[in-house]
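K.L.:
following is a predicted model, sequence given first.
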Amino acid sequence: MIQFLASTQTGLRRLFPRHLLRRIATPAFLAVAPLLAPALDTSVARAESPERPNIVLIVADDLGWQDVGYMSAEFFETPNIDRLADQGMRFTAAYSGGPNCSPTRACIMTGTYTPRHHIYTPGGKSKGDTRYMRLLVPARDRKDGPLRNKAAAQFPISNSLDSGAVCIPEILRSAGYRTARLGKWHLGEDTQGFHLSSANGKGGPGGSFYGNVDVAQQLTDRAVKFINDNRDGPFFLYLTHWDVHVPHKARQEVTKRYRAKLDAIPEGQRKNFNPVYAAMIEAVDRSVGRVLEKVDQLGIEKNTLIIFTSDNGGLPSVSQLEPLRGQKGSLFEAGVRIPACMRWTGKITAGSVCQTPITSVDFLPTFTKLAGGQLPTTQPVDGVDLTPLLLGEKIAERSIFWHYPLYLQGKGLTIDVPGGKTYSWRGFPSTSLRRGDWKLIEFHETNAVALYNLRDDPGEQSNLATTMPQIAAQLRAELDAWQEKTNAPVPVLANPECVLSSPTTSAN
């Protein structure tokens, strides 16, 4: 009997989304489930709606906004990603839901902003010198136990998705899609309803494969097989690469070619070009090329939406971030602006360009619409359906938001510290929004704001908050209302370890 119930539950997991199974998998239901199984076969649903597109979402890790050829990369070679962009639509104002990997991935999967899922940074703690943190927030390097507990008690921070969250694979699975997650997950142990979930393309869902020079090919091998096995569709493939995250390692023969290319460039023009990083980008590009080739070979390109993007901005040591300010981990533009392009042959006009801002939370409502699925009713959906943009139409103007209640050392916001020295945060307690050409950042340390016009000042160098107070006030009111609506945690307690004697600058 135990074996029978176990096999029945396994079958049910294939038939029902996980959030629904939790509600119906009672002993009484399990007893009759084998009799119901034929009527619930999802292959029937797939056959009934052949017009619903297959969806392939390919995500690179830490790829800067200009680190691809179609965005004018000077050293990196991405012919396949460029082909995807040429055959589809480029998004010049694409944004990640968070300034680093795990919050963005949670935004993608749930369609909700960071205050809803409570994932703000890997590890869930601030990183940097606690003496230079004006606000008391969870910090990795804090030694004082009681103070550490006091900081942690202020607001919830999570390192994994709540098992009750309804995610893209569950929605699409309910709509009759076969689903696969291949690559980095970074959202905890719950695989959220994927039929297939493998971290490296060979094993199970767990494991870390940073710096593995073969993992991109392994993931793509499995991705191509999944596409081939599910050619009759519909299917959802979430191919999420470990490259180009540190440690920077790549195959020697590819690195050698880029090293020769770098040597041919005059020394004064080499900038931050890195042969190993370039070789890692090429590994991702080859993966994109193989996916395109398989889709085209099977003749399903007219019924397959393929998206390429990154999970956040890049690192200044290797990425081409200028003229943007900041880096990965920052709410300034270089931390959250990312490359993005989409191809859907016959639907998206080849060579088209979209300047409308889009962000990670938009994928769930878009995929749900395309699949004919149902949006979750147990959680809000913060994103919007992007289908009109794909078809060359417009969507209503709206604001998009970011929230980061912690600190992270790095380039972005420079402060004066004792001894006549300076210190720099790339991430600091702040909330921001973009609406049209305007970007507003609210600095929680000083309760001040900075206002930037991204059309005229993409590098966010000129704070217009005092010269354009009406716009600043209007956007701040919207930002504050959003914080209240989402229960965004705003730290307010002073940090007793802080040694700073004057307020942190809020603009430059």
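P.N.:
Here it is on my side, so go on.

K.L.:
how is this protein divided into domains?
P.N.:
Domains of the chain are assigned by automatic domain parsing as 2-40, 54-114+160-398, 117-158+401-486.

K.L.:
out of the ones you listed, which is closest to Leu500?
P.N.:
Nearest of the domains of the chain to Leu500, taken as CB to CB: domain 117-158+401-486 at 6.2 Å. Backbone N, C-alpha and C define where each C-beta goes, glycine included.

K.L.:
tell me the most buried of the domains of the chain?
P.N.:
Of all the domains of the chain, domain 54-114+160-398 carries the top mean neighbour count, a mean of 21, counting by mean count of other CB atoms under 10 Å.

K.L.:
next one: it to chain centre, how far?
P.N.:
Its chain's C-alpha centre and that of domain 54-114+160-398 lie 8 Å apart, by CA atoms, centre = their mean, to the nearest Å.

K.L.:
for Thr349, see how far away Val68 is.
P.N.:
20 Å (CB to CB, to the nearest Å).

K.L.:
an error on my part: the question was meant for Cys341.
P.N.:
Using CB to CB, Cys341 is found at 13 Å from Thr349.

K.L.:
what does Arg426 give?
P.N.:
37 Å.

K.L.:
Ser102: what's it in contact with?
P.N.:
Neighbouring residues of Ser102 by CB atoms under 8 Å, 6 or more residues apart in numbering: Ile119, Thr121, Pro122, Asn159, His186, Leu187.

K.L.:
7 Å instead, please
P.N.:
Contact partners of Ser102, counting by CB atoms under 7 Å, 6 or more residues apart in numbering, are Ile119, Thr121, Pro122, His186, Leu187.

K.L.:
can you add distance to His248 and secondary structure and give those residues back as JSON lines?
P.N.:
Formatted as JSON lines, those follow (distance: CB to CB, whole Å; DSSP: H, G, I helix; E, B strand; the rest coil):
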{"residue": "Ile119", "distance to His248": "25", "secondary structure": "coil"}
{"residue": "Thr121", "distance to His248": "21", "secondary structure": "coil"}
{"residue": "Pro122", "distance to His248": "18", "secondary structure": "coil"}
{"residue": "His186", "distance to His248": "19", "secondary structure": "coil"}
{"residue": "Leu187", "distance to His248": "24", "secondary structure": "coil"}
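
K.L.:
tell me the mean pLDDT over the one helix or strand Pro103 maps to?
P.N.:
According to DSSP states H and E, Pro103 maps onto helix 101-110. Helix 101-110 shows a mean pLDDT of 98 in the predicted model.

K.L.:
stretch 227-240 too?
P.N.:
Mean predicted confidence for stretch 227-240 is 97.

K.L.:
what residues does stretch 349-357 touch?
P.N.:
By CB under 7 Å, 6+ apart, the surrounding residues in contact with stretch 349-357 are 86-93, 95, 389, 392, 395, 400, 434.

K.L.:
do stretch 469-476 as well
P.N.:
Leu433, Arg435, Trp438, Leu440, Glu442, Val449, Leu451, Ala465.

K.L.:
mind running it again at 10 Å?
P.N.:
Applying CB atoms under 10 Å, 6 or more residues apart in numbering, the contact partners of stretch 469-476 are 399, 431-435, 438-442, 448-451, 453, 463-466, 468.

K.L.:
before we move on, the earlier item: pick out whichever of the contacts of Ser102 sits closest to Val284.
P.N.:
So of the contacts of Ser102, ranked by how close each gets to Val284 (CB to CB), first place is His186, at 16.9 Å.

K.L.:
so the closest one touches Thr104, yeah?
P.N.:
Yes: using CB atoms under 10 Å, His186 is in contact with Thr104, at 9.3 Å.

K.L.:
which residues are in contact with both of those two?
P.N.:
In contact with both His186 and Thr104: Ile119, Asp311, using CB under 10 Å, 6+ apart.

K.L.:
about what we covered before: and the furthest pair within the contacts of stretch 349-357?
P.N.:
Gln87 and Arg434 (28.1 Å).

K.L.:
where does Leu479 sit: helix, strand or coil?
P.N.:
helix (DSSP: H, G, I helix; E, B strand; the rest coil).

K.L.:
the stretch 251-400 of the chain: helices as residue ranges?
P.N.:
In the stretch 251-400 of the chain, the helices defined using DSSP state H, counting those that start in this stretch lie at 252-263, 275-298, 333-336, 363-371, 387-390.

K.L.:
which of those sits closest to Val137?
P.N.:
helix 333-336 (18.2 Å).

K.L.:
by contact count, what packs against the closest one?
P.N.:
Helix 333-336 sits against strand 94-95, strand 399-404, strand 408-417, strand 421-427, strand 430-435, with contacts defined as 3 or more CB pairs under 10 Å, 6 or more residues apart in numbering; DSSP states H and E.

K.L.:
re the thing from before, so what sits against both of Cys341 and Thr349?
P.N.:
Gln87, Gly88, Met89.

K.L.:
looking at those residues, which is nearest Gln252?
P.N.:
Gln87 (32.2 Å).

K.L.:
residue contacts, that closest one?
P.N.:
Counting by CB under 10 Å, 6+ apart, Gln87 touches 292, 296, 301, 306, 341-345, 348-351.

K.L.:
nearest to Pro380 among these?
P.N.:
Met342 (24.9 Å).

K.L.:
ok, so what distance separates the closest one from Arg270?
P.N.:
33 Å.

K.L.:
do Ile358 as well
P.N.:
Distance from Ile358 to Arg270, by CB to CB: 34 Å.

K.L.:
likewise for Asn312?
P.N.:
25 Å.

K.L.:
same question for Val492.
P.N.:
47 Å.

K.L.:
repeat for Ser319
P.N.:
15 Å.

K.L.:
how about Asp62?
P.N.:
Asp62 is 21 Å from Arg270, by CB to CB.

K.L.:
could you do Ser399 as well?
P.N.:
Distance from Ser399 to Arg270, by CB to CB: 40 Å.

K.L.:
likewise for Ala60?
P.N.:
Noted for Ala60: a distance of 23 Å to Arg270, by CB to CB.

K.L.:
again with Ala85
P.N.:
Taking CB to CB, one finds Ala85 at 26 Å from Arg270.

K.L.:
same thing with Thr114?
P.N.:
37 Å.

K.L.:
try Leu406
P.N.:
From Leu406 to Arg270 the distance is 35 Å (CB to CB).

K.L.:
same question for Ala93.
P.N.:
30 Å.

K.L.:
same check on Trp402?
P.N.:
33 Å.

K.L.:
same check on Asp129?
P.N.:
32 Å.

K.L.:
run the chain-centre distance for stretch 415-422.
P.N.:
Worked out by CA atoms, centre = their mean, stretch 415-422 lies 34 Å from the chain centre.

K.L.:
okay, how far is it across that stretch, tip to tip?
P.N.:
In stretch 415-422, first residue to last residue: 5 Å (CA to CA, to the nearest Å).

K.L.:
what's the average pLDDT for it?
P.N.:
Stretch 415-422 comes out at a mean pLDDT of 94.

K.L.:
same question for stretch 61-80.
P.N.:
For stretch 61-80, the mean confidence score works out to 96.

K.L.:
end to end, how far does it reach?
P.N.:
Using CA to CA, the two ends of stretch 61-80 sit 17 Å apart.

K.L.:
with stretch 447-459 instead?
P.N.:
Terminal-residue distance, stretch 447-459 (CA to CA): 22 Å.

K.L.:
figure out how far that stretch is from the centre of its chain.
P.N.:
23 Å.

K.L.:
now do stretch 448-461
P.N.:
The chain centre lies 23 Å from the centre of stretch 448-461; the measure is CA atoms, centre = their mean.

K.L.:
tell me which stretches of the stretch 51-200 of the chain form strands.
P.N.:
Using DSSP state E, counting those that start in this stretch, the strands of the stretch 51-200 of the chain run over 54-60, 89-91, 94-95, 178-183, 196-198.
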